[in-house]
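Novice: Quick one, structure for this:
(one chain, ligands or ions: 1)
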Amino acid sequence: MNITLPPLPYAVDALEPHLSRRTLSVHHGNHHAAYVAKTRALISTPPESTALEDVVRSSAGQNEPLFNASAQAWNHAFLWQSMRPGGGGEARGAIAEAIEESFGSQRVFSQQFVSAAGDQFGSGWAWLVLENEKLQIVATSNAGTPLTTAQRPLLTIDVWEHAYYLDYQHRRLDYIAAFLGHLVNWDFANQNLERHRAARPPTSANRSLAASSAAT
Ligand code: FE
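Specialist: Numbers count the residues shown, from 1 in each chain. Down below sits the predicted model:
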C-alpha cells in the first residue's frame, strides 16, 4: 500500500444512518489524513516508492512516533474496507464456516467480538484475525496492529472515540451493534481469508504430502 490517503470505498454518506456523513468526513478527511501526512513527514525515503506495511513493521519498537502514525494510517485504510453500505448480519461463505469451526457459532463470535471491542479500555481496535489456521478475536491499544505479529487481519473495528462519538457519544456498545448488524463487510473478510490461506507456509503435514507426491 502506498503512503497516500486512499479514497473511501463508498460515498461519505453511504453508511448512514449507522455512521453519519459528519463522522466519516472528519474521521477520513481529518484523522486518517493526518496519520498519512505525519507518516510522509517522518520517513526519510520517498513516500511514493515506500510501502506503508514496511514502515509499520520496521518502526515497531524502534521509532514510536513513526509507528504510531504509520500503523494508524494502515489500520484506517483496513477499517474503511471492513465496512460497506448494506453490510452486517450473518457471515456467508468460507468465513462463516471458519467462524463456526473456531468459535462454535456465529452467536458466540458476535458475543466475543462485542466483548473485545466494548471492553478495550481507552483508544484501540478489535480485530478478527487468522492465526495458525484458526480465527481469533484480538484487541489492540492505540495504534497497535496485527500487522507486526503472526496474526493475519480479516476485519477490524475502530473503537477510538473519534470513530463514533459524534453519532453515539458514550454509547460504544450501540456503535458496535450497528457495526455488526449493518456495516461489517463479510466479502472483505472472505477475500482476506482466501488470500492468507493461499499465502500460508506449508505445514509439516502438507510438506510431507508434497515430498511424497514429488517422489512418485
Ligand atoms: Fe480512527
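
Novice: going forward, measure contacts between C-alpha atoms and count neighbours the same way
Specialist: OK.

Novice: need the contact list for residue 25.
Specialist: Listed by Cα atoms under 8 Å, 6 or more residues apart in numbering, the contact partners of residue 25 are residue 12.

Novice: Which positions in the one helix or strand it maps to come out as buried?
Specialist: Secondary structure assignment for residue 25, by DSSP states H and E: helix 21-26. By neighbour count with 16 or more other Cα atoms under 10 Å, helix 21-26 contains the buried residues 21, 23-25.

Novice: Is there a neighbour count for residue 20? I'd like the number.
Specialist: By other Cα atoms under 10 Å, the residues close to residue 20 number 16.

Novice: Start at 71, not 1
Specialist: Sounds good: first residue 71 from here, last item residue 90.

Novice: Touching, it and residue 237? I think so.
Specialist: Yes. Judged on Cα atoms under 8 Å, residue 90 makes contact with residue 237 at a distance of 6.8 Å.

Novice: What are the boundaries of the helices in this structure?
Specialist: Under the criterion DSSP state H, helices of the chain are mapped to 91-96, 103-112, 122-129, 134-151, 164-173, 176-189, 235-238, 242-248, 256-269, 274-285.

Novice: Please identify the most buried of the ones you listed.
Specialist: Most buried of the helices of the chain, by mean neighbour count (mean count of other Cα atoms under 10 Å): helix 134-151, with a mean of 22.

Novice: Quick one: list the elements packing against that helix.
Specialist: helix 103-112, helix 122-129, strand 222-228 (3 or more Cα pairs under 8 Å, 6 or more residues apart in numbering; DSSP states H and E).

Novice: Report the contact partners of the most centrally placed residue in the chain.
Specialist: The residue lying closest to the centre of the chain (Cα atoms, centre = their mean) is residue 226, at 3.3 Å. Applying Cα under 8 Å, 6+ apart to residue 226 gives the contacts 148-149, 152, 195-198.

Novice: hmm, 6 Å instead?
Specialist: By Cα atoms under 6 Å, 6 or more residues apart in numbering, the residues touching residue 226 are 149, 196-197.

Novice: Low-confidence stretches in this protein?
Specialist: With pLDDT under 70 as the threshold, the chain has low-confidence stretches at 271-286.

Novice: got the domain boundaries for it?
Specialist: Residue ranges for the domains of the chain, per automatic domain parsing: 91-151, 164-268.

Novice: Residue 84: which of the ones you listed is closest?
Specialist: Closest to residue 84 of these, according to Cα to Cα: domain 91-151, at 7.7 Å.

Novice: first to last residue in the closest one, what's the distance?
Specialist: One end of domain 91-151 sits 16 Å from the other (Cα to Cα, to the nearest Å).

Novice: Ok, stretch 107-127 next?
Specialist: With Cα to Cα as the measure, stretch 107-127 spans 18 Å from end to end.

Novice: what sits up against it?
Specialist: Residues outside stretch 107-127 that contact it (Cα under 6 Å, 6+ apart) are 71-73, 137, 139-141, 218.

Novice: thinking again about what came up before, possible to save the domains of the chain as a markdown table with distance to residue 79?
Specialist: Shown next, in a markdown table, are the domains of the chain (distance: least, Cα to Cα, whole Å):
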| stretch | distance to residue 79 |
| --- | --- |
| domain 91-151 | 7 |
| domain 164-268 | 12 |
